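Q: coords please:
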Amino acid sequence: MKHLVIVESPTKARTISKFLGKDFIVESSFGHVRDLPKSKLGVDVENNFEPTYAVPIRAKDVVSELKKQAKKAKFIYFATDEDREGEAISWHLREIIKPKADRVKRITFHEITKEAIEHAVENPRAIDMSLVDAQQARRVLDRLVGYKLSPLLWKKISRGLSAGRVQSVAVRLIVEREREVEAFKPQEYWTIDAVFSKKGNSFEAKLSKIDGKSLDKFAIGNNKEAQEIFDAIKNSHFKIAKIEKKQSKRSPHPPFTTSTLQQAAINRFGFSAKQAMMIAQQLYEGIELADKGSVGLITYMRTDSVNLSEKFLTSASEHIQNSFGKNYYSGKKLFKSKSKNAQEAHEAIRPTDVLIQPDDIKEYLDPKQFKLYDLIWRRAVASQMADASIEATSVDINDEKDKFTFRANGSIISFDGFLKVYKTDTKENILPELKESEKINLEKISPNQHFTEPPARYTEASLVKALEEKGIGRPSTYAPTISTVQERNYVIKEEKRLKPTEMGVLVNDLLVEHFPKVVDYDFTAKMEDDLDEIANGKIKWQDVIRGFYDPFIKNLEEKEEVLSKKDITEEATNEICEKCNKPMVIKMGRFGRFMACSGYPECKNTKEISKDGKVIQENTLDEKCPDCGKPLVKKRGRFGPFIACSGYPECKYIKKEPPKEYADCPKCGQGKIVGKRGKRGMFYACNKYPDCKNAYWSAPTGEKCPECQSLLLFGKNDTVVCSNKECKLIKEQ
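A: Numbering: from 1, shown residues only. This is a model prediction of the structure:
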């Protein structure tokens with residue numbers, strides 16, 4: 001009889017099967033095999049919150065096959081991921097298969113390598129029910145919030161809305177930052193900037209002192225003050241008053257955790273948090289490397305630990321000294337996580353083998369996989385390299401009366417250390433050789449106006465950092481949380497920054513006012529602490545749920561009675577409906593605020609409004625409606641501008657503009673590729689559909705790939721990519 005090993009994904013199964021002999025069969029569960037039902041709550045609140053699990057339709061065939069395999073197996077090894085979710089999947093598999101207890105073995109590993117797999121098989125353990133309970137508690141808690149609170153939002157605001165324990169806190173952060181931006185009042189300040197030179201070598205300096213007194217940021221507050229200082233300085237002669245040189249060290253960053261990897265991938269490559277995790281999952285589960293087969297390239301990517309294994313520390317030490325020289329290694333470096341909920345028994349994200357260098361396997365990776373693996377490899381190796389040495393120089397330059405002092409700063413990297421492998425924003429600013437008391441030439445001087453900037457809106461990277469710092473969520477929750485708030489239209493991305501929609505603001509304000517605990521930062525962080533206590537076996541998960549649910553449901557029932565949809569979503573105006581003479585009100589729709597007649601549904605007059613509630617006048621065109629003869633007007637809707645009849649809603653005519661043609665269809669040779677809109681947004685397809693079903697998810701450039709003659713598409717981050725997935729062409733625009 002053979003042994004059965006069950007993992008979550010087919011890729012992981014292929015990679016693991018290489019390391020196990022002919023006595024093992026490795027199968028995939030294709031993710032979760034049981035979950036709370038979608039159609040109902042699935043939690044018996046009267047019976048100690050007992051969950052009811054169901055096998056999703058998509059998993060029924062997989063479950064049937066696994067049951068067949070399990071009957072024939074000598075031992076069943078559950079080899080799902082080593083976190084709480086992985087532990088829960090193993091438990092669900094056991095509950096479905098129902099094998100005898102002495103045939104079940106739970107194995108875990110942090111990396112998919114021969115040594116790690118063999119060690120895991122030799123050291124099985126029981127399923128950790130404390131970890132399972134912690135995952136059940138999170139799932140039940142999120143279900144109770146979502147399924148109990150969301151219907152209230154439907155009734156009081158609009159159908160289709162949802163609330164979530166972590167997602168609502170994320171929206172609150174974004175809304176509060178937006179209000180800081182809106183409330184910000186810029187403050188004017190001026191600087192006096194100069195360019196000095198010595199023997200043709202110029203350098204910049206700023207006025208830093210007057211009469212020996214240091215100037216703070218707002219010391220020069222207006223043009224008049226700046227001009228007076230400029231006039232007093234412009235004809236002066238200058239000399240070097242003081243030179244100070246200091247040696248400083250720059251230490252390497254710790255290896256990546258889930259949070260820091262997401263932040264780096266977002267900032268460096270423009271990935272989304274979700275995309276970064278998807279690519280990391282691929283690198284972890286295995287990449288086909290020619291004759292080596294499927295190889296797991298990185299360790300498990302959901303972690304908040306910065307620990308590194310002794311094996312990696314040793315191999316990194318040898319690689320650094322052999323590749324860069326002994327002076328680039330100064331001894332083992334250990335790091336401590338800043339995350340308050342970090343599970344230090346885990347390990348940081350690192351390459352499984354330091355000798356698998358990114359450039360050596362570049363041909364087997366797609367461009368995004370290569371970028372992420374290269375980043376992970378460099379960060380892990382650099383974490384064990386010597387500090388960089390920076391020589392910082394500051395120069396004070398005085399006028400002949402020693403009244404005005406300018407400061408110039410320079411820096412030189414005297415030893416690059418870890419910067420040789422992992423580049424940061426450290427830049428050299430080299431000053432010419434200068435000596436104290438020597439005269440210096442003033443080439444240019446100018447007063448410059450500045451204004452303070454408002455706080456920056458969150459990027460995905462800075463939001464991940466904020467959530468982690470507040471102890472909200474876990475490594476596995478950041479990416480889906482950020483994705484969900486955008487899918488729900490609570491948040492949109494503008495110029496790579498997160499901005500709340502009007503609906504997002506309205507929902508947030510309702511939750512903050514009426515359900516403060518649900519969106520309270522400290523309460524949500526405390527809940528994470530409680531989940532950790534459950535995972536450590538210190539408290540029962542039902543007690544945690546009970547402590548939250550009882551006051552929550554009482555408050556919910558009270559709000560059901562007192563909250564009025566009209567009070568929440570409508571705002572009175574001074575406008576009168578020109579069609580029926582009833583007052584107009586501002587309403588909140590799914591896609592934002594608009595003005596509507598209070599006589600609805602008898603009168604369906606609506607108007608578009610600006611952010612401050614003013615009516616946006618329709619642009620009347622010199623063109624008549626072909627259906628009723630009234631003038632056509634240019635309007636703006638959910639999908640942008642369009643032309644419609646001014647007689648709406650009596651006349652519903654909308655002028656159809658011919659779609660933009662991007663390129664000839666290369667598949668049928670007869671049609672044109674045009675933009676279309678589907679459930680998931682814009683896509684680009686042949687206009688001969690359904691005869692030709694050629695389609696793309698990105699806009700064609702109109703040009704063909706020089707390598708394979710397929711259509712070129714506009715990619716992310718100002719790139720052009722080939723539409724042929726087998727062709728890896730990617731270039732800057």
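Q: which residues in the stretch 551-700 of the chain form strands?
A: Counting by DSSP state E, counting those that start in this stretch, residue ranges of the strands within the stretch 551-700 of the chain are 570-576, 583-589, 592-597, 606-607, 619-624, 631-637, 640-645, 654-655, 661-664, 672-678, 681-686, 695-696, 700-704.
Q: can you redo those as JSON lines with mean neighbour count, mean pLDDT and distance to residue 493?
A: Glycine gets a C-beta too; all of them are placed from N, C-alpha and C. Formatted as JSON lines, the strands of the stretch 551-700 of the chain follow (neighbours: other C-beta atoms under 10 Å; pLDDT from 0 to 100; distance: least, C-beta to C-beta, whole Å):
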{"stretch": "strand 570-576", "mean neighbour count": "13", "mean pLDDT": "90", "distance to residue 493": "27"}
{"stretch": "strand 583-589", "mean neighbour count": "18", "mean pLDDT": "87", "distance to residue 493": "21"}
{"stretch": "strand 592-597", "mean neighbour count": "19", "mean pLDDT": "86", "distance to residue 493": "16"}
{"stretch": "strand 606-607", "mean neighbour count": "18", "mean pLDDT": "84", "distance to residue 493": "27"}
{"stretch": "strand 619-624", "mean neighbour count": "11", "mean pLDDT": "88", "distance to residue 493": "28"}
{"stretch": "strand 631-637", "mean neighbour count": "16", "mean pLDDT": "81", "distance to residue 493": "20"}
{"stretch": "strand 640-645", "mean neighbour count": "15", "mean pLDDT": "82", "distance to residue 493": "17"}
{"stretch": "strand 654-655", "mean neighbour count": "14", "mean pLDDT": "88", "distance to residue 493": "29"}
{"stretch": "strand 661-664", "mean neighbour count": "18", "mean pLDDT": "88", "distance to residue 493": "24"}
{"stretch": "strand 672-678", "mean neighbour count": "15", "mean pLDDT": "84", "distance to residue 493": "18"}
{"stretch": "strand 681-686", "mean neighbour count": "17", "mean pLDDT": "84", "distance to residue 493": "13"}
{"stretch": "strand 695-696", "mean neighbour count": "16", "mean pLDDT": "90", "distance to residue 493": "22"}
{"stretch": "strand 700-704", "mean neighbour count": "16", "mean pLDDT": "85", "distance to residue 493": "23"}
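Q: mind checking those for the one nearest to residue 492?
A: Between residue 492 and those, the tightest spacing by C-beta to C-beta is seen for strand 592-597, at 10.6 Å.
Q: contacts for the closest one, please.
A: Strand 592-597 has contacts (C-beta atoms under 8 Å, 6 or more residues apart in numbering) with 501-503, 573, 575, 577, 579-580, 582, 584-587, 603-609, 613, 615.
Q: what's the angle between that strand and strand 583-589?
A: Note on geometry: by axes from the mean of the first three to the mean of the last three C-alpha atoms, to 10 degrees, strand 592-597 and strand 583-589 are set 150 degrees apart in direction.
Q: report the central residue of this structure.
A: By C-alpha atoms, centre = their mean, the mean C-alpha position of the chain lies nearest to residue 273, the distance being 3.1 Å.
Q: so who does it touch?
A: The neighbours of residue 273, taking C-beta under 8 Å, 6+ apart as the test, are 262, 266, 460-461, 464, 478-479, 482-483.
Q: please flag which of these sit within helices.
A: When helices are assigned by DSSP state H, the members of the contacts of residue 273 inside them are 262, 266, 460-461, 464, 478-479, 482-483.
Q: would you point out the most distant pair within the residues you listed?
A: 461 and 483 (14.4 Å).
Q: those two - which one has more neighbours?
A: Regarding residue 461 and residue 483, a neighbour count based on other C-beta atoms under 10 Å identifies residue 461 as having more, with 21 against 17.
Q: per-residue confidence at that one?
A: As predicted, residue 461 sits at a pLDDT of 94.
Q: if we can go back for a sec, which of the strands of the stretch 551-700 of the chain sits closest to residue 378?
A: Between residue 378 and the strands of the stretch 551-700 of the chain, the shortest gap by C-beta to C-beta is with strand 700-704, which sits at 32.2 Å.
Q: can you list the strands that that closest one pairs with?
A: Here strand 700-704 is paired, per DSSP bridges, with strand 711-714 (antiparallel).
Q: could you name the helices and strands sitting against the very next helix or strand once past the partner strand?
A: Stepping forward along the backbone from strand 711-714, the first helix or strand reached (DSSP states H and E) is strand 719-722. In this structure, strand 719-722 makes packing contacts with strand 711-714, strand 730-732, judged by 3 or more C-beta pairs under 8 Å, 6 or more residues apart in numbering; DSSP states H and E.
Q: note down every partner strand of strand 719-722 and its orientation.
A: Within its sheet, strand 719-722 is paired with strand 711-714 (antiparallel), strand 730-732 (antiparallel), according to DSSP bridges.
Q: what's the closest non-adjacent residue to the residue nearest to the centre of the chain?
A: Nearest residue to residue 273 in three dimensions, chain neighbours excluded: residue 479, at 4.0 Å (C-beta to C-beta, 6 or more residues apart in numbering).
Q: just residue 506 next, same as before
A: Distances taken as C-beta to C-beta, 6+ apart place residue 588 nearest to residue 506, at 5.6 Å, with adjacent residues excluded.
Q: again, but for residue 130
A: Counting by C-beta to C-beta, 6+ apart, residue 130 lies nearest to residue 537, which is 4.1 Å off, once chain neighbours are set aside.
Q: extract the C-alpha trace of stretch 503-523 and format it as PDB.
A: Extracted as PDB, the C-alpha positions of stretch 503-523 are listed here (Å, rounded to 0.1, in the frame of the first residue of the first chain):
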ATOM      1  CA  MET A 503     -20.100  55.700  -0.900                       C
ATOM      2  CA  GLY A 504     -17.000  54.700   1.000                       C
ATOM      3  CA  VAL A 505     -17.200  57.900   3.100                       C
ATOM      4  CA  LEU A 506     -21.000  57.400   3.800                       C
ATOM      5  CA  VAL A 507     -20.600  53.800   4.900                       C
ATOM      6  CA  ASN A 508     -17.600  54.600   7.100                       C
ATOM      7  CA  ASP A 509     -19.300  57.500   8.800                       C
ATOM      8  CA  LEU A 510     -22.300  55.300   9.600                       C
ATOM      9  CA  LEU A 511     -20.100  52.600  11.000                       C
ATOM     10  CA  VAL A 512     -18.000  55.000  13.000                       C
ATOM     11  CA  GLU A 513     -21.100  56.700  14.500                       C
ATOM     12  CA  HIS A 514     -23.300  53.700  15.200                       C
ATOM     13  CA  PHE A 515     -20.900  50.700  15.300                       C
ATOM     14  CA  PRO A 516     -17.800  52.200  16.800                       C
ATOM     15  CA  LYS A 517     -16.300  48.900  18.000                       C
ATOM     16  CA  VAL A 518     -16.400  47.300  14.600                       C
ATOM     17  CA  VAL A 519     -14.100  50.000  13.200                       C
ATOM     18  CA  ASP A 520     -12.100  50.800  16.400                       C
ATOM     19  CA  TYR A 521      -8.400  50.400  15.800                       C
ATOM     20  CA  ASP A 522      -7.600  49.300  19.300                       C
ATOM     21  CA  PHE A 523     -10.500  46.900  19.500                       C
END
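Q: many thanks, I have nothing further to ask.
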